[in-house]
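# got a structure for you, letters missing:
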């Protein structure tokens with residue numbers, strides 16, 4: 001079990017905000033046109049840097065939610081964090097036409113394409129769904145039937161990012177399955193859960209897959225990733241196939 005490798009030689013460049021879409025009360029998607037478009041793979045991320053007139057700089061990494069098949073513009077789903085300088089700028093100041101600095105793509109480990117094979121199990125917590133939906137969108141763009149199950153955890157239903165799109169994929173009947181677990185309100189469907197991820201839930205989810213997963217991708221906060229990884233190990237999922245990406249504290 002290992003975390004994403006972040007080494008990169010990508011240079012900083014300007015990117016222009018072309019569209020802003022609110023996803024949930026705390027998450028907004030920002031669509032960026034890089035001045036120097038780049039190729040990337042589902043699961044990679046970029047660094048975003050803000051600079052003040054006095055020379056002060058701050059930066060943060062964000063997973064790319066769009067998929068390469070969608071073109072040059074990249075989508076970042078940015079959650080408003082109480083103590084986040086970068087997220088505060090995006091949520092309170094940024095408007096269409098503004099320029100920011102970014103570099104990428106970054107990451108060579110937390111990546112999946114249809115050529116890598118399946119089945120795969122995706123586990124996301126909150127805004128940790130961003131790199132996972134990039135993989136799901138890539139699968140759809142490739143018209144692949146590769147079996148994928150996404151176990152998505154949020155506190156409440158209105159905090160489920162990309163919920164309508166994920167439900168559309170789920171209803172397509174082509175090998176993508178969505179399982180939700182809410183931690184602060186009852187789930188609306190019997191096939192979903194109302195608790196934090198645990199080994200029993202993992203075993204139940206694995207039983208819904210056509211065969212054991214070739215790889216498992218887990219993304220979320222440090223606490224979420226630790227709990228999900230422990231639950232996977234507790235359900236006898238081999239550590240060697242678990243790939244993790246984490247953010248925050």
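Yep, it's here. This is a predicted model, so every value here is computed, not measured.

# pull the helix or strand with minimum mean pLDDT from this structure.
Lowest on mean pLDDT, DSSP states H and E among the helices and strands of the chain sits strand 2-3, with a mean of 38.

# Following element in sequence after it, please.
Heading C-terminal from strand 2-3, the first helix or strand you meet, by DSSP states H and E, is strand 13-22.

# for the residue sitting furthest away from the middle of the chain, helix, strand, or coil?
Residue farthest from the centre of the chain, counting by Cα atoms, centre = their mean, is residue 54 at 33.6 Å. Following DSSP: H, G, I helix; E, B strand; the rest coil, we place residue 54 in the coil state.

# ditto for residue 220
strand.

# one step back: how far away is the residue farthest from the centre of the chain from residue 22?
Noted for residue 54: a distance of 31 Å to residue 22, by Cβ to Cβ, to the nearest Å. Using the backbone N, CA and C atoms, a C-beta is placed for each residue, glycine as well.

# Backbone torsions only: list them for the residue farthest from the centre of the chain.
phi -80, psi 0 (degrees, to the nearest 10).

# Tell me the confidence at it?
Note on residue 54: pLDDT of 88.

# where's the most centrally placed residue in the chain, which helix or strand?
The geometric centre of the chain, computed from its C-alpha atoms, lies nearest to residue 130 (Cα atoms, centre = their mean), at 2.2 Å. Using DSSP H and E, residue 130 falls within helix 130-141.

# Mind listing what's buried along that helix?
130-140 (16 or more other Cβ atoms under 10 Å).

# Closest to residue 196 out of these?
Looking at those and their distance to residue 196, the nearest is residue 132, at 18.2 Å (Cβ to Cβ).

# Show the contacting residues for residue 34.
When the contact criterion is Cβ atoms under 8 Å, 6 or more residues apart in numbering, the partners of residue 34 are 13-15, 72, 74, 102.

# redo that, cut-off 10 Å
Listed by Cβ atoms under 10 Å, 6 or more residues apart in numbering, the contact set of residue 34 reads 13-16, 46, 72-74, 102-104.

# Which residue ranges make up the domains of this structure?
By the assignment in the TED database, the chain contains the domains 12-106, 114-247.

# So which of those domains is the most surrounded?
Ranked by mean neighbour count under mean count of other Cβ atoms under 10 Å, those are led by domain 114-247, which reaches a mean of 18.

# Surely residue 118 touches residue 214?
Yes - counting by Cβ atoms under 10 Å, residue 118 does reach residue 214; the two are 6.1 Å apart.
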